[in-house]
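Novice: Output the structure for:
(2 chains)
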2 protein chains.
Amino acid sequence: MSERTIWAVIMAGGGGTRLWPASRRSNPKQLLALGGTTSLLQDTWARLEGLVHPQHILVVTSHDLAEAVLDQLPALSPSHLLEEPVGRNTLPCVAWAAAEIARRDPHALQVVLPADHVIEPAEAFRDTLRAALHVASERPGTLVTLGIRPTYPATGFGYIEAGRAEEDVLGHEVLPVQRFVEKPDRARAEQFLRSGNYLWNSGAFLWSTETIVAQLQKHAPATWKAVQSADHAQITACYPSLAFESVDVGLMEKAESIVVLPISYLWSDVGSWSALDEVLAPDAQGNRVGGGCHVIAEEASNNVVYGPDGHLVALLGVEGLAVVHTPDATLVCPKDRAQEVRRLVQRLENEEPGRL
Amino acid sequence: MSERTIWAVIMAGGGGTRLWPASRRSNPKQLLALGGTTSLLQDTWARLEGLVHPQHILVVTSHDLAEAVLDQLPALSPSHLLEEPVGRNTLPCVAWAAAEIARRDPHALQVVLPADHVIEPAEAFRDTLRAALHVASERPGTLVTLGIRPTYPATGFGYIEAGRAEEDVLGHEVLPVQRFVEKPDRARAEQFLRSGNYLWNSGAFLWSTETIVAQLQKHAPATWKAVQSADHAQITACYPSLAFESVDVGLMEKAESIVVLPISYLWSDVGSWSALDEVLAPDAQGNRVGGGCHVIAEEASNNVVYGPDGHLVALLGVEGLAVVHTPDATLVCPKDRAQEVRRLVQRLENEEPGRL
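Specialist: Numbers count the residues shown, from 1 in each chain, chains lettered A, B, ... in the order given. Here you go, the predicted model:
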């Protein structure tokens, strides 16, 4: 491993609106400073510091977000930004990035990360990545992923069923992956939690370039063929015709040898406003405030508030609410119904698409 | 009465913050379009149409609000705007306006109205004013006021205890006033409601110029002497030294002959955000929306929302809330605690006076 260069791929193309009204199509979650003053994308970049050289980081995003991504990442060279003309889920993205890396450095190790997760502490995460890269380097043909030890019976994540520990690498358990499981219902999620054998699917992957190229050739030959030696212009032309498929379904579920390293520190996909409970520290009244806004609270506790610097949010006598302010839209809902924001978003699709 | 000119005095000097964050010191309640697209001040002006000629309307306001008042009332001549250098409550305001009218038209009848109430329908109100002016004209020495028939045991209003009907004037009851009562506690308010003899104090007054001048000479001689023949510059100089006193305490409670005309149509002082329940029509889900903002609601009912045109407020799964958006501050509180907004305002006095 010490002889190999580490490359990273940050997948920053998502355009989710689960954090509407703060997240918009033109300003999605990864561009928001949900946890502090830097965006999730910037945090993802910064977490690689000391492990991956900035000149070995590729960022994949949509054409529409390219300018904002370059603005947020001054150390990112435009030649390292892969602009997808349309979103085709994660498999084409991973394949294109793998091809780019193979061309530049065919023996590189690869870390593939979503841009929109909160992970702390960064040092613990880098330790895990080091161990996972060690495995990826030492075991040709093996795909490596990370899994989060569940803390509650989540129904919003995919799960990984893991076998018994194979070995301990650099102080980290390495478990064989038995199967990937789609988002379960509540009863199954509780069963998964009790069994102790299930981990949340992190969406992070590590592999050697040789391994990912071989696996793509085998399991996703059409996609691989399209991106393998294409230049940026050719990619733009062929991308819309690629199969829309996730890495999980298109590759991981088909691969023979996969291992997972469990992690137990803070990992959140910030999937709804209630997730800020995990990400932000509470004040003395249990209110959590993000985005730089100022909150004044009277007999108001356990709320999540998000708004821009300079905005004042006054709460009086309310509990357990999510209150989100943006210059053109305000959201108020109970935190425990925050995942239903999609219902509002669906209505806006028809009634006011300009607000998305 | 038919030979007398009717003058109106609109008291528009208030700077209350009970409707914070929409109402600010520089943009108080009377300047807000709480019920529709025109402000309460503009509505007060418009309600006089057909009864009082625009050239016979005086508006009293603070120096700081003068420009905004002139902007909102294009038909108001600057010579009819009385700018108080400081607020001294309503007695000096009424005395100054009475002196101005006495100088211009010593036989005028006067209608004195707060600028920040919602009253509907306007035609019914004008009918009441006509009857009240008739009484004021026909009974030298009698002060006339209007009282609202209580619909609930309000603790936020002063009350008027009325005697039995003296007579019927133009189809309106005219009752002798026994006494004025300060805001009661809940138990007394319930007793007032049951007794049927109590009315809410409207803060509206009607009298002939001869009567008000005589009453001021008798009960508020120092204030009357100061404003009686002063020009605008002299008023500005002497105003801060005048006693800070309300018409109710400084005049009405001392006067010998007062009658009240009860009214039963919509009258609201919009004393807190919950009062928008009285003022705004509900949508199909029972939400009431003011200020021109657009609301999208999913399983959200019985809320009051106020925000400017162009702003979207999305409510999901919340009930009975007041949600108020302004460009620099947002308020969320249960409607039934809206009167406690003063607690927030008190904190802002110390912590962020720029927000008031």
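
Novice: all strands in the stretch 201-350 of chain A, in order from the N-terminus.
Specialist: A:258-263, A:266-268, A:288-290, A:294-298, A:304-306, A:312-316, A:321-326, A:329-334 (DSSP state E, counting those that start in this stretch).

Novice: what would these look like in JSON lines with mean pLDDT?
Specialist: JSON lines is the format used below for those (pLDDT from 0 to 100):
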{"stretch": "strand A:258-263", "mean pLDDT": "97"}
{"stretch": "strand A:266-268", "mean pLDDT": "94"}
{"stretch": "strand A:288-290", "mean pLDDT": "96"}
{"stretch": "strand A:294-298", "mean pLDDT": "97"}
{"stretch": "strand A:304-306", "mean pLDDT": "97"}
{"stretch": "strand A:312-316", "mean pLDDT": "98"}
{"stretch": "strand A:321-326", "mean pLDDT": "97"}
{"stretch": "strand A:329-334", "mean pLDDT": "98"}
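
Novice: Can I get those strands in JSON lines including distance to residue B:9 and mean neighbour count?
Specialist: Where you see a C-beta, it was placed from the backbone N, CA and C, and this is true even at glycine. Shown next, in JSON lines, are the strands of the stretch 201-350 of chain A (distance: least, CB to CB, whole Å; neighbours: other CB atoms under 10 Å in any protein chain shown):
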{"stretch": "strand A:258-263", "distance to residue B:9": "73", "mean neighbour count": "23"}
{"stretch": "strand A:266-268", "distance to residue B:9": "62", "mean neighbour count": "18"}
{"stretch": "strand A:288-290", "distance to residue B:9": "47", "mean neighbour count": "21"}
{"stretch": "strand A:294-298", "distance to residue B:9": "38", "mean neighbour count": "19"}
{"stretch": "strand A:304-306", "distance to residue B:9": "44", "mean neighbour count": "26"}
{"stretch": "strand A:312-316", "distance to residue B:9": "35", "mean neighbour count": "24"}
{"stretch": "strand A:321-326", "distance to residue B:9": "41", "mean neighbour count": "26"}
{"stretch": "strand A:329-334", "distance to residue B:9": "39", "mean neighbour count": "24"}
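
Novice: Mind checking those strands for the one nearest to residue B:208?
Specialist: Nearest of the strands of the stretch 201-350 of chain A to residue B:208, taken as CB to CB: strand A:312-316 at 46.2 Å.

Novice: possible to save the strands of the stretch 201-350 of chain A as a markdown table with distance to residue B:304?
Specialist: Listed next are the strands of the stretch 201-350 of chain A as a markdown table, based on distance: least, CB to CB, whole Å:
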| stretch | distance to residue B:304 |
| --- | --- |
| strand A:258-263 | 46 |
| strand A:266-268 | 34 |
| strand A:288-290 | 24 |
| strand A:294-298 | 18 |
| strand A:304-306 | 20 |
| strand A:312-316 | 14 |
| strand A:321-326 | 16 |
| strand A:329-334 | 12 |
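
Novice: For residue A:219, find the nearest of the ones you listed.
Specialist: Evaluated over the strands of the stretch 201-350 of chain A, closeness to residue A:219 peaks at strand A:258-263, with 12.0 Å, by CB to CB.

Novice: Given that closest one, what are its sheet partners and their directions?
Specialist: Take DSSP bridges as the rule and strand A:258-263 pairs in its sheet with strand A:143-148 (parallel), strand A:172-181 (antiparallel).

Novice: I'd like these laid out as CSV, including mean pLDDT and mean neighbour count.
Specialist: Compiled in CSV, the strands paired with strand A:258-263 are given as follows (pLDDT from 0 to 100; neighbours: other CB atoms under 10 Å in any protein chain shown):
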stretch, mean pLDDT, mean neighbour count
strand A:143-148, 98, 25
strand A:172-181, 96, 18
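
Novice: could you dump these to TSV with distance to residue A:159?
Specialist: Formatted as TSV, the strands paired with strand A:258-263 follow (distance: least, CB to CB, whole Å):
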stretch	distance to residue A:159
strand A:143-148	8
strand A:172-181	4
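
Novice: Show me the residue at the heart of chain A, geometrically.
Specialist: residue A:114 (2.9 Å; CA atoms, centre = their mean).

Novice: That one touches residue A:11, doesn't it?
Specialist: Yes. Between residue A:114 and residue A:11 a contact is recorded at 5.3 Å, counting by CB atoms under 8 Å.

Novice: how far away is residue A:5 from chain B?
Specialist: The gap separating residue A:5 from chain B is 47 Å, by CB to the nearest CB, to the nearest Å.

Novice: surely that residue meets residue A:108?
Specialist: Yes. Look at residue A:5 against residue A:108 with CB under 8 Å: they come within range, at 4.9 Å.

Novice: What residues does chain A have near chain B?
Specialist: Contact residues, chain A versus chain B (CB under 8 Å from any CB of the partner chain): A:20-21, A:294, A:296, A:298, A:307, A:310-318, A:321, A:323, A:325, A:327-334, A:337, A:340-341, A:343-344, A:347-348, A:351-352, A:355.

Novice: ok, residue A:5 and residue A:108, which is more surrounded?
Specialist: The neighbour comparison of residue A:5 against residue A:108 (other CB atoms under 10 Å in any protein chain shown) goes to residue A:108, with 19 against 15.

Novice: Pull up the overlap in contacts between residue A:5 and residue A:108.
Specialist: Taking CB atoms under 8 Å, 6 or more residues apart in numbering or on different chains as the criterion, residue A:5 and residue A:108 both touch residue A:56.

Novice: Please name the bridge partners of residue A:201.
Specialist: residue A:147.

Novice: how far away is it from residue B:355?
Specialist: As defined by CB to CB, to the nearest Å, residue A:201 lies at a distance of 45 Å from residue B:355.

Novice: How about residue A:255?
Specialist: 58 Å.

Novice: Spell out, range by range, the helices that occur in chain A.
Specialist: In chain A, the segments counted as helices under DSSP state H are A:40-47, A:66-72, A:90-104, A:122-138, A:186-195, A:209-219, A:221-228, A:232-238, A:247, A:276-279, A:341-351.

Novice: can you pull the contacts of residue A:82?
Specialist: Neighbours of residue A:82 in contact, by CB under 8 Å, 6+ apart: A:58-61, A:93, A:96-97, A:100, A:232, A:235.
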